[in-house]
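**Student:** Below are the sequence and a predicted model for it; my questions follow.
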Amino acid sequence: MDAKSERKEGVLIFFINGRLDAFGAQQLDEWIKGALHDDDKELVLDLSGSTYLSSGGLRTFNALKKEMKRRNGRFALAGVGEYPRKVLDMAGFSTILEIFPTADTAVEDMRKKRKNPTLFNEIFYKKIEEEGVTLTIEPGWMTHPPALKITGDLSKVLHARLTESDIRTNKFSEITYSLGLGALGSDKKEAMPLMGEMITLYGSMVWLPTDGNNTPDFLTPLDAEGDVPVYTGYNVTLDGPFNEYLTLETGDPKGVSIADIYRMIFSSAKNRVKSNKGVVAVAIWGVLEGLASSGIKKAPITGVTLPGNTTIMDPAQSAQWMASDTGMSYKGDTLVSFGFGIDLTCDLDGFRAEDLDALSYAYPANKGTSKVMSLHNHGVVFRGVPYDASLDLNSQVKKIVNDATFVDMRHLLDSTRLKRAKIGVAYIQEIVREP
């Protein structure tokens, strides 16, 4: 048996050719699991090329129906021949499965009856539309003005001058969103040579050790009292709520880049948000069209001499210190990210220049944005929790870090692209430097 798949009107269709016996059902199950993206909600199996159906196929159908129900979607069969129809009738499946004459009629029915999870938002909330991209804006609940708290010295990181006295010990069980440079270990001396990219999401800490293995670690403490200490040379934490939540949709098959998302946020804020001071913190839960990433290759600790006053980000040095991957990986997987951006075209007089310098830096692999914005984002790739734009961002991030399959963690390049997303935006009012 073999099969081919395509997407039409947002529906994943599998065309089956051959006997759907026990072995074929196992193959089909593996193929479909590999093809399903985290935002797929509708699945059609076209059986017009299959003349045989066994109980193994029925079990696969039942499992797929349950999976699509879990996603609040639909599963249907199409082009069912005479013998497979008899098997479905005999097993009582004809009454519990949707069956259509052709794949096209199934897709058309799904398109017409499709629920629009953002319909409420589109009616009651503002929308930003630009070149096939729509951002629907939902206000958040403000408890106090959002701020960014900085621990550590970014300049020492960039000049590879971190010493043991610069390393802070923190417990992240109560932190909602932060990013930086950190490591786990029995003590500072063990952790320092492994300092790498780090992000925390609702108490879960993910980091990329600089041990040469290029494999991130993921830790979710179950007992806050026994919270494992995290050693950090630099960390930025969001203190406060998101002002707004955005729902992103696009008709562009190439998706939307992180840079374009920030650009739309900045452009809209200038005309619409009174509290906008040019700095935002952003959390994203979305589905990837392609991840472009980087990661520091060795810990920027003292002992390594850089020529003159150069930094690890200077073009002559960056290849030795930073690994980049622009191959657009993990298409269809879930991204949870946190970061912040500075609108360089905005009046930034509300912040001290040294505080802005402590937030971000120019990275050579980010091209075309350095004159208009400065972005710093880390992201974690997960798999297995369906995307649903009607759900709350923060609740879903909590669920994902606990229930989803962890895949990878990276520093995000600005060219990373998303198909759809829920986005929390905090318009930063203060930058606090912690000792």
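**Tutor:** Perfect, thanks for sending it.
**Student:** quick one: low-confidence parts of the stretch 251-400 of the chain?
**Tutor:** 368-370 (pLDDT under 70).
**Student:** now the strands: where do they sit in it?
**Tutor:** For the stretch 251-400 of the chain, the strands defined by DSSP state E, counting those that start in this stretch cover 256-257, 279-296, 322-329, 334-343, 373-383.
**Student:** go on, the stretch 51-200 of the chain?
**Tutor:** 74-78, 98-100, 127-130, 133-139, 147-152, 168-170, 177-183, 196-201.
**Student:** which stretch in those strands is the model least sure about?
**Tutor:** Among these, strand 127-130 carries the lowest mean pLDDT, at a mean of 82.
**Student:** So in that sheet, which strands flank it, and in what orientation?
**Tutor:** Here strand 127-130 is paired, per DSSP bridges, with strand 133-139 (antiparallel).
**Student:** contacting residues around the nearest residue to residue 19 once chain neighbours are set aside?
**Tutor:** Nearest residue to residue 19 in three dimensions, chain neighbours excluded: residue 52, at 4.1 Å (Cβ to Cβ, 6 or more residues apart in numbering). Every residue, glycine included, has its C-beta placed from N, CA and C. By Cβ atoms under 8 Å, 6 or more residues apart in numbering, the residues touching residue 52 are 19, 20, 21, 83, 84.
**Student:** Show residues contacting the helix or strand containing residue 249.
**Tutor:** Residue 249 belongs to strand 244-250 when assigned by DSSP states H and E. The contact list for strand 244-250 (Cβ under 8 Å, 6+ apart) reads 118, 121, 132-140, 256, 261, 265, 286, 389, 393, 418-425.
**Student:** Please spell out the PyMOL selection for the buried subset of the residues you listed.
**Tutor:** A single PyMOL command selects the buried members of those (16 or more other Cβ atoms under 10 Å):
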select buried, resi 118+121+133+134+135+136+137+138+140+256+261+265+286+389+393+418+419+420+421+422+423+424+425
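**Student:** In JSON lines: the strands of the stretch 51-200 of the chain, plus distance to residue 231.
**Tutor:** Shown next, in JSON lines, are the strands of the stretch 51-200 of the chain (distance: least, Cβ to Cβ, whole Å):
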{"stretch": "strand 74-78", "distance to residue 231": "48"}
{"stretch": "strand 98-100", "distance to residue 231": "55"}
{"stretch": "strand 127-130", "distance to residue 231": "41"}
{"stretch": "strand 133-139", "distance to residue 231": "38"}
{"stretch": "strand 147-152", "distance to residue 231": "11"}
{"stretch": "strand 168-170", "distance to residue 231": "6"}
{"stretch": "strand 177-183", "distance to residue 231": "5"}
{"stretch": "strand 196-201", "distance to residue 231": "10"}
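**Student:** Surely residue 102 touches residue 79?
**Tutor:** Yes. Applying Cβ atoms under 8 Å as the test, residue 102 and residue 79 come out as touching, 5.9 Å apart.
**Student:** Comparing the two, which shows the higher neighbour count?
**Tutor:** residue 79 (22 against 13; other Cβ atoms under 10 Å).
**Student:** quick revisit: how much space between the residue nearest to residue 19 and residue 5?
**Tutor:** 20 Å (Cβ to Cβ, to the nearest Å).
**Student:** Look up which residues are beta-bridged to residue 412.
**Tutor:** Legend: beta-bridge partners of residue 412 under DSSP bridges are residue 293.
**Student:** how about it, what does it touch?
**Tutor:** 258, 291, 292, 293, 337, 339, 377, 378, 379.
**Student:** Provide a list of residues in contact with the first one.
**Tutor:** Contacts of residue 258 were listed using Cβ under 8 Å, 6+ apart, and they are 375, 377, 412, 413, 414, 415, 416, 417, 418.
**Student:** who wins for neighbours among those residues?
**Tutor:** For the contacts of residue 258, neighbours tallied by other Cβ under 10 Å; top is residue 416, 29 neighbours.
**Student:** That one contacts residue 257, correct?
**Tutor:** Yes. Judged on Cβ under 8 Å, residue 416 makes contact with residue 257 at a distance of 6.7 Å.
**Student:** In contact with the residue nearest the centre of the chain, which residues are there?
**Tutor:** Geometric centre of the chain, nearest residue: residue 335, 1.4 Å, by Cα atoms, centre = their mean. Residue 335 is in contact with 284-288, 291, 379-382, 416, 418, 421, counting by Cβ under 8 Å, 6+ apart.
**Student:** between these, which is nearest residue 193?
**Tutor:** Of all these, residue 193 sits closest to residue 380, with 23.3 Å by Cβ to Cβ.
**Student:** any idea how far the closest one lies from residue 279?
**Tutor:** 23 Å.
**Student:** Those two: which has the busier surroundings?
**Tutor:** Higher neighbour count among residue 380 and residue 279: residue 279, with 27 against 24, using other Cβ under 10 Å.
**Student:** Give the bridge partners for that one, please.
**Tutor:** residue 342.
**Student:** ok, now how distant is it from residue 337?
**Tutor:** Residue 279 is 17 Å from residue 337, by Cβ to Cβ.
**Student:** One more: residue 210?
**Tutor:** The value you get for residue 210 to residue 337, if Cβ to Cβ is used, is 21 Å.
**Student:** and what of residue 280?
**Tutor:** Taken as Cβ to Cβ, the span from residue 280 to residue 337 is 13 Å.
**Student:** how does the chain divide up, domain by domain?
**Tutor:** Following automatic domain parsing, one gets these domains for the chain: 2-113, 119-146+237-434.
**Student:** Using TSV, please lay out these together with distance to residue 192.
**Tutor:** Formatted as TSV, the domains of the chain follow (distance: least, Cβ to Cβ, whole Å):
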stretch	distance to residue 192
domain 2-113	36
domain 119-146+237-434	5
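**Student:** of all those, which lies closest to residue 179?
**Tutor:** Nearest to residue 179 among the domains of the chain is domain 119-146+237-434; the distance by Cβ to Cβ comes to 4.3 Å.
**Student:** re earlier: ok, so of the contacts of residue 258, who is nearest residue 304?
**Tutor:** Using Cβ to Cβ, residue 413 comes nearest to residue 304 of the contacts of residue 258, at 24.3 Å.
**Student:** Just confirm the closest one contacts residue 327, I think it does.
**Tutor:** No. Between residue 413 and residue 327 there is no contact under Cβ under 8 Å: 10.9 Å.
**Student:** Give me the common contacts of these two.
**Tutor:** With Cβ under 8 Å, 6+ apart, residue 413 and residue 327 have common neighbours residue 292.
**Student:** Contact partners for the closest residue to residue 350 other than its chain neighbours?
**Tutor:** Spatially, and ignoring its direct neighbours in sequence, residue 350 is nearest to residue 277 (4.2 Å; Cβ to Cβ, 6+ apart). For residue 277, the contact set (Cβ under 8 Å, 6+ apart) comprises 346, 348, 350, 351, 427, 428, 429.
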